[in-house]
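Peer 1: from the sequence below, what's the structure:
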Amino acid sequence: MHNINDFEFKQRKYLPVFPMATGKPTVYIEGYPYEDDKPMAATGFHAAQIVTFVDQLSRYFQIHEHIHIGVDTFIYYQENDLRKVVAPDVFVVLGVAKSPLRRSFYTWAEGAVPTTVFEFLSDSTGHQDRREKVGLYLRDIGVQEYFIHQPDMEKAAEFRGWRSVSGDILEIEPDEQGTLFSESLNLHFQWEVQEKQQVRLLRPYLPDGTPITTSAELQDLKEAAEIRAAEEARQRRELAAELERLRAQLAKR
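Peer 2: Predicted structure coming up:
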């Protein structure tokens with residue numbers, strides 16, 4: 001993984017630069033529904049992906065108070081029109097305050113639109129995710145980048161992204177490893193197989209290739225560092241004791 005102190009330095013180094021939103025945090029606007037009867041995750045694969053991914057992004061962006069991460073939250077993008085609403089699996093908004101928590105996200109009230117959107121493919125929404133939502137997110141709403149990923153191991157691997165450039169929608173070209181780079185978040189994204197759960201998990205990486213860990217992985221790193229520190233301290237004590245023994249022997253001669 002990575003050295004904890006080294007990661008904290010890189011975290012500040014690579015954090016994206018962005019303007020502040022022109023509106024204010026808005027918890028709820030009367031008359032706009034904020035829930036429906038649909039489950040958050042279509043399958044256990046999607047649940048594992050969403051929980052893990054949000055944990056990674058939240059941990060990375062926690063140092064900036066004006067980066068909001070939404071999870072399966074309604075986004076209303078045109079005032080007084082309840083039909084203009086979407087609910088992506090995960091989205092990131094740069095420039096708006098993390099707190100308070102919102103029931104929905106209202107673009108006109110916040111003075112910002114989502115910067116980057118992520119959808120995790122399912123049988124029920126896959127067709128829309130691959131086609132209609134590309135133009136909806138990037139052209140109609142004004143999202144900068146949009147990514148789709150298939151976490152279900154029983155389905156063919158699929159990871160794609162699009163970017164809005166001067167009004168045009170361009171598909172993001174992967175590198176030789178299949179990694180896609182998000183210019184807006186200044187992060188690389190690549191999926192990996194989580195063997196225990198048998199799920200493809202999309203993981204964010206810093207520009208230099210450093211993986212962004214989950215909270216559980218971070219705890220493992222801390223525990224490993226503590227074990228190493230304890231072992232090094234033990235070795236120093238043993239060395240000091242041996243040196244003292246040698247000095248005592250030399251003093252007797």
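
Peer 1: where does the spatially most central residue of the chain sit: helix, strand or coil?
Peer 2: Centroid-nearest residue in the chain, with Cα atoms, centre = their mean: residue 57, separated by 2.8 Å. Three-state call for residue 57 (DSSP: H, G, I helix; E, B strand; the rest coil): helix.

Peer 1: what's the nearest residue to it if we skip its chain neighbours?
Peer 2: residue 69 (5.5 Å; Cβ to Cβ, 6 or more residues apart in numbering). (C-beta placed from N, C-alpha, C; glycine too.)

Peer 1: quick one: contacts for the one you found?
Peer 2: Residue 69 sits next to 54, 57, 58, 61, 90, 91, 92, 93, 98 when contact means Cβ atoms under 8 Å, 6 or more residues apart in numbering.

Peer 1: again, but for residue 104
Peer 2: Here residue 104 is in contact with 28, 29, 32, 33, 34, 73, 74, 75, 76 (Cβ under 8 Å, 6+ apart).

Peer 1: partners of the helix or strand containing residue 162, with directions?
Peer 2: Here residue 162, judged by DSSP states H and E, is contained in strand 159-165. Strand 159-165 pairs in its sheet with strand 145-149 (antiparallel), strand 168-171 (antiparallel), by DSSP bridges.

Peer 1: for this structure, give me the ranges with low pLDDT.
Peer 2: 1-4, 37-41, 216-231, 233, 253 (pLDDT under 70).

Peer 1: how is it partitioned into domains?
Peer 2: As given by automatic domain parsing, the domain ranges for the chain are 4-213, 214-253.

Peer 1: quick one: which helix or strand includes the nearest residue to residue 65 once chain neighbours are set aside?
Peer 2: Excluding the flanking residues, the one nearest residue 65 by Cβ to Cβ, 6+ apart is residue 98, at 5.8 Å. Using DSSP H and E, residue 98 maps to neither a helix nor a strand.

Peer 1: just give me the neighbour total for residue 98.
Peer 2: Residue 98: 16 surrounding residues under other Cβ atoms under 10 Å.

Peer 1: so residue 75 sits against residue 90, correct?
Peer 2: No: counting by Cβ atoms under 8 Å, residue 75 stays clear of residue 90, with 11.7 Å between them.

Peer 1: neighbour-wise, which of the contacts of residue 104 leads?
Peer 2: residue 75 (24 neighbours).

Peer 1: please name the bridge partners of that residue.
Peer 2: Where residue 75 sits in a bridge, its partners, by DSSP bridges, are residue 86, residue 105.

Peer 1: and it, what does it touch?
Peer 2: Applying Cβ under 8 Å, 6+ apart, the residues near residue 75 are 85, 86, 87, 88, 91, 104, 105, 107, 114, 141.
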